[in-house]
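> Let me see the structure of the following:
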Amino acid sequence: METFKIEVQEFLSRIIEVQANSSDEAISKVQEMYRNEEIVLDSEDFVSTEIDIFPKKEIISFDLLSNGSNFYMVEGDNITFWGKDIISKVAKITPEVLIVISDNEIPLNEPCEFVDEVDYKIFLLLYYLS
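So this is what the prediction gives:
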């Protein structure tokens, strides 16, 4: 029998009316009220629940990665992924990926943008498998 991690998320929401000179000031006032526990969300503020496998395994397409907002960097034995469309992650470089890096002259110790299919191949090999 296997062990699975299942994530349960509850979403709470409440609309707060506040007088202010601007929307930024209104947000600041409500943030301060929340920090001071003048606003405490409870079961009356319940909106919805999501139950799903953890971590979620969404396959991200090359088109989404190559929009100029996603990057990776090879440093030593690790590769770091980050960007607008992916959760930041550090993964250990496998021998298979090391060959791809070497054969394609992927730069070391500098950010690389997802612009080529080889970038996506590295992403698929390391982002999802580690």
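> Chain neighbours aside, what residue packs nearest to residue 5?
Excluding the flanking residues, the one nearest residue 5 by CB to CB, 6 or more residues apart in numbering is residue 54, at 4.2 Å. Yep, even glycine has a C-beta here, placed from its N, CA and C like the rest.
> list the contacts for that neighbour?
Residue 54 sits next to 5-7 when contact means CB atoms under 8 Å, 6 or more residues apart in numbering.
> Just name the closest of those to residue 90, please.
residue 5 (19.8 Å; CB to CB).
> Surely the closest one and residue 53 touch.
Yes: using CB atoms under 8 Å, residue 5 is in contact with residue 53, at 7.2 Å.
> Out of the contacts of residue 54, which sit inside strands?
Judged by DSSP state E, strands contain the following of those: 6-7.
> Would you convert the contacts of residue 54 into JSON lines that also reports neighbour count and distance to residue 118?
Compiled in JSON lines, those are given as follows (neighbours: other CB atoms under 10 Å; distance: CB to CB, whole Å):
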{"residue": "5", "neighbour count": "7", "distance to residue 118": "32"}
{"residue": "6", "neighbour count": "8", "distance to residue 118": "35"}
{"residue": "7", "neighbour count": "11", "distance to residue 118": "33"}
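> As a markdown table, the contacts of residue 54 with pLDDT would be great.
Listed next are the contacts of residue 54 as a markdown table, based on pLDDT from 0 to 100:
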| residue | pLDDT |
| --- | --- |
| 5 | 87 |
| 6 | 90 |
| 7 | 86 |
